[in-house]
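**Q** what follows is a predicted protein model with its sequence.
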There are 6 protein chains.
Amino acid sequence: MANQILLLATFLAMTCSLVVAFEPAPLQDFCVADATSSVTRVNGLPCLDSKLATAEHFFFSGLHIPGNTSNPVGGKVTPVNVAQIPGLNTLGISLARIDYAPMGVIPPHTHPRATEILTVLKGKLNVGFVTSNPENKLISKVLKKGDVFVFPVGLVHYQQNLGSGTAISLSSLSSQNPGVNTIANVVFGSNPAISEDVLAKSFQVEQSVIRYLQAKF
Amino acid sequence: MANQILLLATFLAMTCSLVVAFEPAPLQDFCVADATSSVTRVNGLPCLDSKLATAEHFFFSGLHIPGNTSNPVGGKVTPVNVAQIPGLNTLGISLARIDYAPMGVIPPHTHPRATEILTVLKGKLNVGFVTSNPENKLISKVLKKGDVFVFPVGLVHYQQNLGSGTAISLSSLSSQNPGVNTIANVVFGSNPAISEDVLAKSFQVEQSVIRYLQAKF
Amino acid sequence: MANQILLLATFLAMTCSLVVAFEPAPLQDFCVADATSSVTRVNGLPCLDSKLATAEHFFFSGLHIPGNTSNPVGGKVTPVNVAQIPGLNTLGISLARIDYAPMGVIPPHTHPRATEILTVLKGKLNVGFVTSNPENKLISKVLKKGDVFVFPVGLVHYQQNLGSGTAISLSSLSSQNPGVNTIANVVFGSNPAISEDVLAKSFQVEQSVIRYLQAKF
Amino acid sequence: MANQILLLATFLAMTCSLVVAFEPAPLQDFCVADATSSVTRVNGLPCLDSKLATAEHFFFSGLHIPGNTSNPVGGKVTPVNVAQIPGLNTLGISLARIDYAPMGVIPPHTHPRATEILTVLKGKLNVGFVTSNPENKLISKVLKKGDVFVFPVGLVHYQQNLGSGTAISLSSLSSQNPGVNTIANVVFGSNPAISEDVLAKSFQVEQSVIRYLQAKF
Amino acid sequence: MANQILLLATFLAMTCSLVVAFEPAPLQDFCVADATSSVTRVNGLPCLDSKLATAEHFFFSGLHIPGNTSNPVGGKVTPVNVAQIPGLNTLGISLARIDYAPMGVIPPHTHPRATEILTVLKGKLNVGFVTSNPENKLISKVLKKGDVFVFPVGLVHYQQNLGSGTAISLSSLSSQNPGVNTIANVVFGSNPAISEDVLAKSFQVEQSVIRYLQAKF
Amino acid sequence: MANQILLLATFLAMTCSLVVAFEPAPLQDFCVADATSSVTRVNGLPCLDSKLATAEHFFFSGLHIPGNTSNPVGGKVTPVNVAQIPGLNTLGISLARIDYAPMGVIPPHTHPRATEILTVLKGKLNVGFVTSNPENKLISKVLKKGDVFVFPVGLVHYQQNLGSGTAISLSSLSSQNPGVNTIANVVFGSNPAISEDVLAKSFQVEQSVIRYLQAKF
């Protein structure tokens, strides 16, 4: 089951394997990402010769296809960022389709480099984000079809399908590479693990509880 | 009819009456736009006291409702930007739903402050953008349901419904206030009008042709 | 004649073949553009070894030489941007000299990445810019020698020589690569052409009028 | 005990009650934060009349005084950001002194708007950060006096005193208002609480375990 | 004579009493600076109601008028920045005309927030800038009419009229408020003075030499 | 002695051989600087393959070791920026330890790309900065252990040990490559020298005084 969570995290991450927010403005019409392995690595991605750019570089197909939600959390992310559309490089925006099994969730996570704006295409979702210290105020709402909600950059947020059927949402993120830190995986499933001492003191529980939580990831 | 175009332009503009791209990063968790008339005007919008922020400030309802495309161009934009969701202030992203009558178009326009990423929810669209001088290369594609396409910031682009039924797309823009310059309206429908001399020479036609075009807007 | 417009557009574009505005700040004293073909392409331009930088890299000569205005619009742009001065790379500024034949114009255009500030060195110019939707307000003024005017980033603007003699202006742009979208060329002269259907509906005229306009470019 | 954690979170938060990273550049010599309640709220903070600025606005005293680590986690943060030094407004940097009791920790947290660079002034610390999905790689190191370590912006990180005596570190943050999301408090101690359903599914445990964890905060 | 230097410095400063470079992008078409004293002070300047904006807000007249160079250094700056053209607010660019008496100089100075690009309109100038530590390389050139030279942001630079007649240059700066630190005035003419001890050690001379230099400013 | 000053300037510069402030945000978790000579030079530094990143790339050791202040000014800077910690690349922050002999100074200088926040670890310092033209106001203060002071980006500032023993301070700078222009070295010690004519007129003294000052560097 931990593997499945890992898979989900991988999906979340693949969707967003890069990350940006309020990134540097483009300095030419566009800078289609160059996937050639021999080019120099830079902040963001290097550019293809603009003369070689075609419509295919700005295109993605298949966002109407449901994702497979057969995993422990019952949520599946289909990313459309610079990894899928090389023409998004330097342009500061991306998408993700999210499918939810009944009662499925997208666990608490942050995007270090993007605000997210989510639109419900189908179903009924419970969504929320928590403000930073010291208030840690939860701002949440139940959404139905046609509703839109905003998760400000860097704040912890989650989504949950409240309906008995599947649900679908479409998210936009203010980065071509928004990044994802899924809290459960980062804290209890890092490689190698964060020491039990640190986690036990941080969560104020016995180390055995920490080991129990770590075993899940 | 020109009035109807004006209406469309107004819709486009209301959706995007402000405009931003790669705007300054937020300097706090969020800065919900304060609509009080007495506050000082600033680059962007001033902030509400964060203690007063609620889920309603990050929420919009009704994006599943079709727009009315009964206008000369057969296209209708339903904007969801900082004017509709005050919580988007400083966060650099917004949305717009677009409805298309059969053969309806969204005329050539630019967003001075945003890249646009468009997803087709229904129907078949012809979309394209033109690169800057001197190439002025048209990069276009026919899209169907589930297809995604990118219009880089500042470049002229358009959309057209190629199907016999209505079409729907959902666009994300990399600004809470992306702005719209609809070419036909800006050039032939400004208030007051650009002089016929300038336009005749620019488009290399007789002034009577310019007057004919101006009469439409 | 269309070829001549194309030439003008080419001049405009060569002046501004790259484009930037509010670009990323320099991360060293300077980053002289490296024109070597084998280096990796990046957002903006890669840098020459700073030890090789000389005064010549920050220098341009000949801005006192009149441009040849023998073209259909009677305006000629002499650009001085990062293509002419490699030392401008990353520094966010450039220049252009503009010569005007009697009644010559610089047709309506946008700079996607720069604000322009224009100084009249000789003659009498009618200049203006149009605000975005929905107002599309024309803000214009007649300028004489020693007058200065500002065209905000991304807005459509134009210049026209009102005098019976030649005129000269010097423009500064807030980018080392400001970019130019000349409206007439982009809309009616793109390669390939935007479909007549789209343009006819957008400008609310018969397709024959569109074909007439396209034939000019 | 939860109250004490809350206190710690409050300290962390007071140090960083605002937050920024790569914020907009200053547009004048300085913009000392104006604490007057009647001024308009803006992204960041409004400015005092520059004529009233004195050395006191750029000054803080007492960073040599040990913080009180008598709290459940055994760590205490003394912040020096724009809330303590109004002259830091718009300048993009701040400090924090951190004291550690023997085996004390600063629990896993993120700064949404700042990279942190930490210097050990006394003692021996175990520090680390975790990369984003899907790798979730822990990059950690044991530090002694005079050692320096970097926590990149937005990533989860922690510190732990490994020695038998007290320890001290001095951190710099790339924002005048870096912000803090302490994971344990945000996820298990938000107000109101995130639903047990969501957390149970996210951490793959029984709801009773979630209630146990929530009871600590 | 020191008063005259002060006057020159004042002119330099008035031209550039604010300062910016790579400032935040505009978040609307424009933000004409509001000079009303009661508005809240912000990073940059607050905005006038955009409905009140007219062509006059984007306009300056008189840049063809020679400045009075009767001062100790024989150089006079006529600034055209946001203090003269309120419409430049948020747009990141400004101008300055500089007049030079025979052998007149603009003393070594920095613009903390702008790159400068200078065009010689008349005469023959010796110009140069010095790179940062440790090279401190002087990059200089003799310019004649029609020549252009670049001074990268933040570096010390100067200009000198080498001809027997007057000279004129027009500079563009990459900020609406570039700022000026004239070295001689800042170091030897600050108010109050920097202590003689500090300056004597810094310049490796007797305190009497420092007093002699300070007496000039 | 000039050589020793040069050495100091070299130390200052090595600490800060690159320079940045409010630099572009990172577009991935981190971009460890790649020191391989064959990679393309870019604004900032290219990145190492992120899979090769280890804790050593984010680490520096030895900041507790006193610097050698046996030089003419009696001040020594130990830099910790992207040249020492490659993991700081793109992250916008750095450190420097400064040691002061009795009465030692850090001469007036600017950081073109960083604000500095200084903490006194030992001793008693006189510090100050000067505002830009035309005020040139000195804002200074005597600091003791535990005191913190801010030097805003781009402004001339200095430090002086007022005590009879050695002093130590730790500075943070808002750039991974802040840069240093030491005024005395830049103005009187550039290579080649700025012409005596320019300097004599700028400082309003005889050329013999200029030659005397130049001989020190």
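**A** Great, that's in hand.
**Q** and the pLDDT for the residue of chain A found nearest chain E?
**A** At 7.4 Å from chain E, A:Ala25 is the closest residue in chain A, using CB to the nearest CB. C-beta here means a position set from N, CA and C on the backbone, and glycine is covered the same way. Per-residue pLDDT puts A:Ala25 at 83.
**Q** that one: neighbour count?
**A** The local packing of A:Ala25 (other CB atoms under 10 Å in any protein chain shown) involves 24 other residues.
**Q** that one touches C:Pro112, doesn't it?
**A** No. A:Ala25 is beyond contact range of C:Pro112, at 10.0 Å (criterion: CB atoms under 8 Å).
**Q** follow-up on the earlier one: please report how far the residue of chain A closest to chain E lies from C:Asn43.
**A** When CB to CB, to the nearest Å is applied, the distance between A:Ala25 and C:Asn43 equals 9 Å.
**Q** so which residues of chain A form strands?
**A** Along chain A, the segments classed as strands by DSSP state E run A:59-60, A:75-80, A:94-100, A:105-110, A:116-122, A:124-130, A:138-144, A:148-151, A:156-161, A:167-173, A:181-182.
**Q** could I get those as a markdown table with mean neighbour count and distance to chain C?
**A** Supplementary listing: the strands of chain A in a markdown table, determined by neighbours: other CB atoms under 10 Å in any protein chain shown; distance: least, CB to the nearest CB, whole Å:
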| stretch | mean neighbour count | distance to chain C |
| --- | --- | --- |
| strand A:59-60 | 20 | 17 |
| strand A:75-80 | 23 | 21 |
| strand A:94-100 | 26 | 17 |
| strand A:105-110 | 26 | 24 |
| strand A:116-122 | 23 | 22 |
| strand A:124-130 | 23 | 29 |
| strand A:138-144 | 19 | 30 |
| strand A:148-151 | 27 | 22 |
| strand A:156-161 | 26 | 29 |
| strand A:167-173 | 26 | 19 |
| strand A:181-182 | 28 | 25 |
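**Q** so which of the ones you listed is nearest chain F?
**A** With respect to chain F, and counting by CB to the nearest CB, the nearest of the strands of chain A is strand A:181-182 at 9.5 Å.
**Q** what's next to the closest one, contact-wise?
**A** Among residues not part of strand A:181-182, those counted as contacts by CB atoms under 8 Å, 6 or more residues apart in numbering or on different chains are A:8-9, A:12, A:107-112, D:110, D:130, D:132-133, D:154-156.
**Q** for stretch A:34-44, same thing?
**A** Under CB under 8 Å, 6+ apart, the answer for stretch A:34-44 is A:18, A:20, A:23-24, A:45-48, A:86, A:89-90, A:176-177, C:39-43, F:24, F:26-28, F:31, F:34, F:39-40, F:42, F:44, F:46-49, F:89-90.
**Q** please repeat the previous calculation with a cut-off of 7 Å.
**A** The set of residues external to stretch A:34-44 that reach it, using CB atoms under 7 Å, 6 or more residues apart in numbering or on different chains, is A:20, A:23, A:45-48, A:86, A:89-90, C:40-43, F:24, F:26-27, F:31, F:34, F:39-40, F:42, F:44, F:46-47, F:49, F:90.
**Q** just the contacts of strand A:181-182: which has the poorest pLDDT?
**A** Within the contacts of strand A:181-182, A:Leu12 has the lowest pLDDT, namely 34.
**Q** pLDDT score for A:Ala114?
**A** Reading off the per-residue confidence, A:Ala114 sits at a pLDDT of 95.
**Q** now do the phi/psi pair for the closest residue to A:Ser94 other than its chain neighbours.
**A** Counting by CB to CB, 6 or more residues apart in numbering or on different chains, A:Ser94 lies nearest to A:Asn81, which is 3.6 Å off, once chain neighbours are set aside. Summarising the backbone geometry of A:Asn81 under the convention degrees, to the nearest 10, its torsions are phi -120, psi -160.
**Q** count of neighbours near A:Asn81?
**A** 28.
**Q** quick check: it touching A:Gln176?
**A** Yes. The criterion here is CB atoms under 7 Å, and A:Asn81 meets it with A:Gln176 at 5.8 Å.
**Q** next, the distance between the ends of stretch A:78-92.
**A** By CA to CA, to the nearest Å, the extent of stretch A:78-92 from end to end equals 18 Å.
**Q** now that stretch: average pLDDT?
**A** The pLDDT scores in stretch A:78-92 average 97.
**Q** just stretch A:32-49 next, same as before
**A** Per-residue pLDDT values across stretch A:32-49 average out to 90.
**Q** so how far is chain B from the residue of chain A closest to chain E?
**A** Distance, A:Ala25 to chain B, by CB to the nearest CB, to the nearest Å: 4 Å.
**Q** wait, what's in contact with the most far-flung residue of chain A relative to its centre?
**A** Among residues of chain A, the one most distant from the C-alpha centroid is A:Lys51; the distance is 32.5 Å, by CA atoms, centre = their mean. Listed by CB under 7 Å, 6+ apart, the contact set of A:Lys51 is empty.
**Q** hmm, A:Pro26 and A:Leu91 touching each other?
**A** Yes. Between A:Leu91 and A:Pro26 a contact is recorded at 6.3 Å, counting by CB under 7 Å.
**Q** quick check: neighbours shared by the two?
**A** The contact sets of A:Leu91 and A:Pro26 overlap at B:152-153 (CB under 7 Å, 6+ apart).
**Q** report the beta-bridge partners for A:Lys141.
**A** Taking DSSP bridges as the rule, A:Lys141 bridges to A:Val127.
**Q** so for it, what's the pLDDT?
**A** Model confidence at A:Lys141, given as pLDDT, is 98.
**Q** wait, it sits on A:Phe149?
**A** Yes. The pair formed by A:Lys141 and A:Phe149 meets the contact definition of CB under 7 Å, at 6.2 Å.
**Q** quick check: neighbours shared by those two?
**A** A:127, B:59.
**Q** count of neighbours near A:Ala215?
**A** Neighbouring residues of A:Ala215 were enumerated by other CB under 10 Å; the total is 11.
**Q** how near is A:Pro112 to A:Ser175?
**A** 9 Å.
**Q** which one's more surrounded, the two?
**A** Regarding A:Pro112 and A:Ser175, a neighbour count based on other CB under 10 Å identifies A:Ser175 as having more, with 32 against 29.
**Q** break chain A into its domains for me.
**A** If the domains of chain A are taken from automatic domain parsing, they occupy A:2-179, A:182-217, with pieces of a single domain joined by a plus sign.
**Q** so which of the ones you listed is nearest D:Ser171?
**A** Distances from D:Ser171 to each of the domains of chain A were compared using CB to CB; the shortest belongs to domain A:2-179, at 15.4 Å.
**Q** off-centre distance for that closest one?
**A** Mean-position distance between domain A:2-179 and its chain equals 5 Å (CA atoms, centre = their mean, to the nearest Å).
**Q** same thing with stretch A:206-217?
**A** What separates the centre of stretch A:206-217 from the centre of its chain is 25 Å, taken as CA atoms, centre = their mean.
**Q** again with stretch A:178-191
**A** With CA atoms, centre = their mean as the basis, the mean position of stretch A:178-191 lies at 11 Å from the chain mean.
**Q** please apply the same query to stretch A:205-212.
**A** From the chain centre to the centre of stretch A:205-212 is a distance of 28 Å (CA atoms, centre = their mean).
**Q** just the buried positions in that stretch, please.
**A** By neighbour count, and taking 16 or more other CB atoms under 10 Å in any protein chain shown as the criterion, the buried residues in stretch A:205-212 are A:205, A:209-210.
**Q** ok, so of those, who is nearest chain B?
**A** Proximity of the buried residues of stretch A:205-212 to chain B was ranked by CB to the nearest CB; the top entry is A:Val205 with 28.2 Å.
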